[in-house]
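K.L.:
missing the sequence, but the structure's below:
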């Protein structure tokens, strides 16, 4: 199993946000890496995203999910903001 990239994780999250993929589908994809005996994930940020996505289909009641779409959107916005700050650290 090849190591997933952040670009793949972001694409999968975007599919959920755009209604092009079900939570369960993306969760199953991420769970393959998280549940592997010897996970091939070196990037800590990718690992954190995989853990988050692998649990994105968890329900806190029979009719509602533990994690909301808004939380996913916020996480992605914060990630993008962090990346922008790394690229342009001296913006004034």
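P.N.:
Received, thanks. This is a predicted model, so every value here is computed, not measured.

K.L.:
low-scoring stretches of this structure, by residue?
P.N.:
The model of the chain has pLDDT under 70 over residues 88-92.

K.L.:
which residues in it form helices?
P.N.:
6-17, 23-34, 44-54, 69-87 (DSSP state H).

K.L.:
To residue 61, which of those lies closest?
P.N.:
Closest approach to residue 61 among those (C-beta to C-beta): helix 23-34, 15.0 Å. Where C-beta positions appear, they are placed from N, C-alpha and C, glycine not excepted.

K.L.:
which helices and strands does that closest one pack with?
P.N.:
In terms of contacts (3 or more C-beta pairs under 8 Å, 6 or more residues apart in numbering; DSSP states H and E), helix 23-34 is packed against helix 6-17, helix 44-54.

K.L.:
got TSV for those helices, with distance to residue 74 too?
P.N.:
TSV is the format used below for the helices and strands packed on helix 23-34 (distance: least, C-beta to C-beta, whole Å):
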stretch	distance to residue 74
helix 6-17	11
helix 44-54	12
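
K.L.:
In space, not sequence, find me the middle residue of the protein.
P.N.:
Residue closest to the average C-alpha location in the chain (C-alpha atoms, centre = their mean): residue 49, at 3.9 Å.

K.L.:
Skipping adjacent residues, who's closest to that one in space?
P.N.:
residue 9 (4.3 Å; C-beta to C-beta, 6 or more residues apart in numbering).

K.L.:
Can you give me the neighbour number for the one you found?
P.N.:
Applying other C-beta atoms under 10 Å, we find 25 residues neighbouring residue 9.

K.L.:
Go ahead and confirm it touches residue 53.
P.N.:
Yes - because the distance of 6.6 Å satisfies C-beta atoms under 8 Å, residue 9 is recorded as touching residue 53.

K.L.:
Next, show the common contact partners of these two.
P.N.:
Common contacts of residue 9 and residue 53 (C-beta atoms under 8 Å, 6 or more residues apart in numbering): residue 30.
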